[in-house]
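Participant: predicted model, plus sequence, below.
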Amino acid sequence: MIVGAIQTTQAIVIALAFVLITVVGLFAGRWRRHGSMDDLDEWALGGRAFGGILTWFLQGGSVYTTYSFIAVPALVFGAGAIGFFALPYLIITYIVAFLVVPKLWDLAKARGYVTPADFVRDRFADRTLAAAITLTGLVATMPYIALQVYGIEICFSEIGLPVEASLWTAFALLALITYVSGLRSATLIAIVKDVFIWVTVIVAVIYIPIHLGGYAHAFSEVPPSKLTLPGNLYADYATLAIGSGLALFLYPHTLTGALSSSSKFVVQRNSIFLPIYTIMLGLLAILGYFAIAAGIQPDAHYGNNVAVPALFDQVFPPWFAGFSLASIAIGALVPAANLFTRNIWMEFKPDTSPARQTHVSKLASLVVKFGAVGFVLFVPTTFVINFQLAAGVWILQTLPAVFLALFWKRLDARATLAGWLVGTAIGTFLLIKVGFASSSYDFGFGDHHTKLFIGVPALALNLVVACAGTVLVRRPVRAEGLASGPAGAS
């Protein structure tokens, strides 16, 4: 890959930021430790002991990742107002977190669940359904992680660093940190990252408009078509928000942050205060408009995704441009390594000791991180982005097995599996019809057409099959044990 001349000041600042998070991450392994790091609960969930402030930072770091801070303003930069679907989507996400996740936390605490598939395996006593949920989680999470790598790649490329060498070095450090310190490293790094991001955002929304001649002048430079949402995209906007909001806490890495909390009340309290991050994301989205006003052009290789890094590099002094790019680049990654250990490895080696489980999870974490770097470097970028679009559709199909099963004790395993098959098949078929170039499809007959996020109609069919199948079968599943627990299904 061709890069420009290295911008020394920015490169030094980013290097210092990575040194900082390496020191913080390695220290995290000894911080507030309640047992051996050979215990999977200690390594993967921080001993399930994080209080409100730590959980707030960790969940914020898991939800607002490196790619999020590039992709949302890039969508506004390229497509206009539809990029603001991220704001209602996150509001819906926090409602889900407040109402649903605490119930799952209760069961996870009582029964030692580490992953969503642990719950599914115990709830339904069905290996096939649990394997389907595990497979979906792994397939959906890999491109999610790969896109974090892609976001960091854009920042490195913007300042002229050799991308391949820089990425391998950065992820070697992150892999070492995660291997040694587990979730505690992600938590402390999230605090550092959030401080960087908040400073960057506050400075950006004050300094950049002044540099551009004020807010009014900046917005006057934006084409009117990008300032409002066309009527034919209302349904697409709504289903993108609803589908994404329902899906986010189905991703294993996001749910991990919730399960690490010290109580379900911490999860609920954080659901109330996490919208503070949504304000930050809204301000970041506006930067997409500022990039238009500043005359930023799409990049030949990275397209619209270069909007914010290029804006920072153009407008800010070199030292603060480096600080701002570092705030994007040091996003913590929490891979779904626990899925492999708990729900694949353990199926074949059920007598594996807790220490061995942790060791396998650590190795899987290394494989996932370096696999994601290789995926981005050696697979065409278009494929990586399109795969992520599909991942959102696929992970949404696990909702009945993970969320609905918490509340409906008669939900049948075979009907749920059939619903998952139907939803996944329909979703994949529609993604193929649009060539994996979009996550939306134009539904309609004759002159009446409506574009919708593919995941929502696929989920609707999934739910119809699962619910109708359960009613027809009318065979209670293994739920009595769960019902007697602290948060039994009702």
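Facilitator: Yep, that arrived.

Participant: all strands for the stretch 301-450 of the chain, in order.
Facilitator: 440-445, 448-453 (DSSP state E, counting those that start in this stretch).

Participant: need those in a markdown table with mean pLDDT, can you?
Facilitator: Listed next are the strands of the stretch 301-450 of the chain as a markdown table, based on pLDDT from 0 to 100:
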| stretch | mean pLDDT |
| --- | --- |
| strand 440-445 | 85 |
| strand 448-453 | 88 |
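
Participant: export those to a markdown table and tack on mean neighbour count and distance to Val23?
Facilitator: Quick note: C-beta positions are derived from backbone N, CA and C, even for glycine. Listed next are those as a markdown table, based on neighbours: other C-beta atoms under 10 Å; distance: least, C-beta to C-beta, whole Å:
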| stretch | mean neighbour count | distance to Val23 |
| --- | --- | --- |
| strand 440-445 | 14 | 44 |
| strand 448-453 | 17 | 42 |
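
Participant: how about these in CSV, adding distance to Gly231?
Facilitator: As requested, those are exported to CSV (distance: least, C-beta to C-beta, whole Å):
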stretch, distance to Gly231
strand 440-445, 15
strand 448-453, 11
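
Participant: of all those, which one comes closest to Ala17?
Facilitator: strand 448-453 (35.5 Å; C-beta to C-beta).

Participant: quick one: that closest one to chain centroid distance?
Facilitator: Put simply, strand 448-453 sits 26 Å off its chain's centre (C-alpha atoms, centre = their mean, to the nearest Å).

Participant: likewise stretch 321-332?
Facilitator: On the basis of C-alpha atoms, centre = their mean, stretch 321-332 is displaced by 18 Å from the centre of the chain it belongs to.

Participant: likewise stretch 163-176?
Facilitator: Averaging C-alpha positions (C-alpha atoms, centre = their mean) puts stretch 163-176 20 Å from its chain's average.

Participant: the nearest residue to Tyr94 once chain neighbours are set aside: what's it in contact with?
Facilitator: In this structure, Tyr94 finds its nearest non-sequential neighbour in Ser271, 4.6 Å apart by C-beta to C-beta, 6 or more residues apart in numbering. By C-beta atoms under 8 Å, 6 or more residues apart in numbering, the contact list for Ser271 reads Tyr94, Ile95, Ala97, Phe98, Val101.

Participant: how about the secondary structure of the closest residue to the last one other than its chain neighbours?
Facilitator: Spelled out, it's Val101. Closest residue to Val101 apart from its sequence neighbours, by C-beta to C-beta, 6+ apart: Ala258 at 4.8 Å. Three-state call for Ala258 (DSSP: H, G, I helix; E, B strand; the rest coil): helix.

Participant: measure Ala258 to Gly213 for me?
Facilitator: For Ala258, the distance to Gly213 equals 44 Å [C-beta to C-beta, to the nearest Å].

Participant: ditto for Phe290
Facilitator: Using C-beta to C-beta, we find Phe290 at a distance of 11 Å from Gly213.

Participant: buried residues in stretch 272-281?
Facilitator: Leu274, Tyr277, Thr278, Met280, Leu281 (16 or more other C-beta atoms under 10 Å).

Participant: export those residues to a markdown table and tack on pLDDT?
Facilitator: Formatted as a markdown table, the buried residues of stretch 272-281 follow (pLDDT from 0 to 100):
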| residue | pLDDT |
| --- | --- |
| Leu274 | 76 |
| Tyr277 | 78 |
| Thr278 | 83 |
| Met280 | 82 |
| Leu281 | 84 |
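
Participant: and of the strands of the stretch 301-450 of the chain, who's closest to Ala140?
Facilitator: Evaluated over these, closeness to Ala140 peaks at strand 448-453, with 15.2 Å, by C-beta to C-beta.

Participant: so the residue nearest to Tyr94: helix, strand or coil?
Facilitator: Reduced to three states with three-state DSSP, the structure at Ser271 is helix.

Participant: what do you get for Val222?
Facilitator: The three-state label given to Val222 by three-state DSSP is coil.

Participant: tell me where the stretch 151-300 of the chain has helices.
Facilitator: Using DSSP state H, counting those that start in this stretch, the helices assigned to the stretch 151-300 of the chain run over residues 163-181, 183-212, 215-220, 234-247, 252-259, 264-273, 275-293.

Participant: right, I mislabeled it, should have said the stretch 301-450 of the chain
Facilitator: 307-315, 318-329, 337-340, 346-348, 354-378, 381-396, 399, 405-407, 413-433.

Participant: what does the average pLDDT come to for the fifth one?
Facilitator: So the one you mean is helix 354-378. For helix 354-378, mean pLDDT rounds to 66.

Participant: returning to what we had before: considering the buried residues of stretch 272-281, which is situated nearest to Thr228?
Facilitator: Using C-beta to C-beta, these come closest to Thr228 at Leu281, 19.9 Å.

Participant: in space, what's closest to Thr128 - neighbours in sequence excluded?
Facilitator: Leu417 is the one closest to Thr128 (C-beta to C-beta, 6+ apart), at 6.2 Å.

Participant: show the pLDDT at the one you found.
Facilitator: pLDDT, read off for Leu417, is 96.

Participant: that one: neighbour count?
Facilitator: If you count neighbours by other C-beta atoms under 10 Å, Leu417 ends up with 23.

Participant: was I right about it contacting Ala130?
Facilitator: No - between Leu417 and Ala130 there is no contact under C-beta atoms under 8 Å: 9.9 Å.

Participant: would you mind finding the most buried of the helices of the stretch 151-300 of the chain?
Facilitator: helix 252-259 (a mean of 26; mean count of other C-beta atoms under 10 Å).

Participant: show me what it packs onto, helices and strands only.
Facilitator: Counting contacts by 3 or more C-beta pairs under 8 Å, 6 or more residues apart in numbering; DSSP states H and E, helix 252-259 is packed against helix 40-45, helix 52-63, helix 101-111, helix 127-158, helix 337-340.

Participant: measure the residue nearest to Val101 to Gly78 for me?
Facilitator: Ala258 is 33 Å from Gly78, by C-beta to C-beta.
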